[in-house]
Each structure stands twice: as C-alpha cells, then as structure tokens.
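Novice: Here is my input, please return the structure:
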Amino acid sequence: MFKMFKRVSTIVNSELNAMLDKAEDPVKMLEQFMRDMESDIREVESSVAKQIANEKMLKRKYDDAQALVDKRQGQAEKAIEAGNEDLARRALEDKKDQQEQADTLKESWERAKNDSKILRDKLDEMKKEYQQMKLKKDSLKARAESAKTRTKMNRTMSSIGSDESKRGFERMEEKVLQFEAEADTSDDLSAAGKSLDDEFESLEKSDVDDELAALKKKLGKE
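Specialist: Predicted coordinates:
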C-alpha cells in the first residue's frame, strides 16, 4: 500500500511537460492522482484503527492476566498464614501458569503497540505528503489552465490575421462600395427623371416664397 502511495506521489511530482508530451489532460490526471492518494490514506486510516483496537485488546488481556497473577500471589500468602500449605501450593502453581500467559500477552501487546506507532507515523507522513501534493496539484493546475488560455488566444489571434480573414473583409468592403455606387446611381436617375414642368414648378414656388418674404418685411411682420 505504501509503495502504491509513493508511486502516485512520484507521478504527481513529475513535470507537467512530460504529461503533455503523452497527449494526456494534466488537470484530469492530477485530480485522479489526488483521489488515488485520498483512497490510500483512508485505507491506511482503517488499518491503523484496527491495529489500535487490537493493541488495546491485548493490553486489556495482559492487565487481566497480570491481575490474576497478583491475586494468586495474595491467596498463596493467605493460605500460608492460615497454615494451609496445600492450598498455597495450588495457588502458586496456578500463578505460574497465569504468569506465563501474562508474559506471552505482554510480548504480543508490546509488539502490537510498536506496530501501531509505526502505522501512525506512516499515516502522519502520508497526510503531510498529501498536503504537499495538493499544493503542487493546485500550482500545476493553474499552469495548465494558463497554458490552455494562451494557446486559445494565440490561435484566435492567428485566425484573425490570416489571409482568409483578410479576404473576407475585402469582399465585405467591395459589397459596401457596390451598395454605395448603386445608391448614387439611384439618386442620379431620380433627378434625371424629373419633367421640365416639374422643374419650372419648383422654380415658380421659389419666386413666390421670395415675394412673400419681401411683403412680410415691408409690413414689419417678420
């Protein structure tokens, strides 16, 4: 399990360019690596919890066995005081058996206690490394997003300045010039289409307007 965690950590620590060279999405890969590391940590946490529970169970059994040893010692002393040597002997014999069990349980408990410490230390190390990888992931993710944005912008700018775009603008400019030419032609045709009477009528209206203005001036009605 620890080897697997170290493998994942090593991959996350690898250069971003190496992942890009493999045509892989670095952001998705980093997220997957972090999920793998989180899974490893949860698995180790479960193992640590079981080991601690086993350690406590062995400690409790050892304490009970040692308490029975002490009890048999006290009973043997009371039997001697009461002059019952046979009872004292049986108490001491059972004490010996209980002491052997207690010694065995103590050895198992101390071994389990040492294993628990190793697992707890390893778990702390994994969590610390995970936090470091998380910071590394955030940095790599930001770099990847920045690289994508720059690439997109460069492609957009490149397309704007491309020959195809220029030709498109030139075609639109020609269209506009054509529309303007058609509009000017329409105005000329409209002016040419006026009849001679229309032009004289317009001229007569202009003379009447001038005469009306002169009359207003004379009468002071301006």
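Novice: Walking through the protein, point out its helices one by one.
Specialist: Remark: helices assigned in the chain by DSSP state H are 2-13, 16-21, 26-81, 85-160, 163-192, 196-218.
Novice: Pipe the ones you listed into CSV and attach mean neighbour count and mean pLDDT per row.
Specialist: Yep, even glycine has a C-beta here, placed from its N, CA and C like the rest. Output for the helices of the chain, formatted as CSV (neighbours: other CB atoms under 10 Å; pLDDT from 0 to 100):
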stretch, mean neighbour count, mean pLDDT
helix 2-13, 15, 51
helix 16-21, 13, 51
helix 26-81, 16, 90
helix 85-160, 14, 87
helix 163-192, 9, 72
helix 196-218, 10, 65
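Novice: any idea how far the residue most central in space within the chain lies from Asp138?
Specialist: Residue closest to the mean C-alpha point of the chain, counted by CA atoms, centre = their mean, is Glu31 at 6.1 Å. Separation of Glu31 from Asp138 (CB to CB, to the nearest Å): 11 Å.
Novice: now Ala102
Specialist: Distance from Ala102 to Asp138, counting by CB to CB: 53 Å.
Novice: Could you do Glu182 as well?
Specialist: 61 Å.
Novice: mind checking pLDDT for Glu222?
Specialist: The model reports Glu222 with a pLDDT of 61.
Novice: correction: Lys22
Specialist: According to the prediction, Lys22 has pLDDT 55.
Novice: so who does the nearest residue to Glu85 once chain neighbours are set aside touch?
Specialist: Excluding the flanking residues, the one nearest Glu85 by CB to CB, 6 or more residues apart in numbering is Ala79, at 7.3 Å. Ala79 makes contact with Glu85, Leu87, Ala88, Ala91, according to CB atoms under 8 Å, 6 or more residues apart in numbering.
Novice: Try it again at 7 Å.
Specialist: Contact analysis of Ala79 by CB atoms under 7 Å, 6 or more residues apart in numbering lists Leu87, Ala88, Ala91.
Novice: again, but for Leu68
Specialist: Gln98.
Novice: Could you check how far it is from Lys61?
Specialist: Distance, Leu68 to Lys61, using CB to CB: 11 Å.
Novice: Asn54 now?
Specialist: 11 Å.
Novice: Repeat that for Glu211.
Specialist: Plainly put, Glu211 is 132 Å away from Lys61 if you go by CB to CB.
Novice: And Ser116, how far from Glu110?
Specialist: Going from Ser116 to Glu110 by CB to CB gives 11 Å.
Novice: one step back: name the nearest residue to the residue nearest to the centre of the chain, sequence neighbours excluded.
Specialist: Nearest residue to Glu31, sequence neighbours excluded (CB to CB, 6+ apart): Lys137, at 7.8 Å.
Novice: now do Gln75
Specialist: Nearest residue to Gln75 in three dimensions, chain neighbours excluded: Ala91, at 4.4 Å (CB to CB, 6+ apart).
Novice: how much space between the one you found and Ser116?
Specialist: Ala91 sits 35 Å away from Ser116, going by CB to CB.
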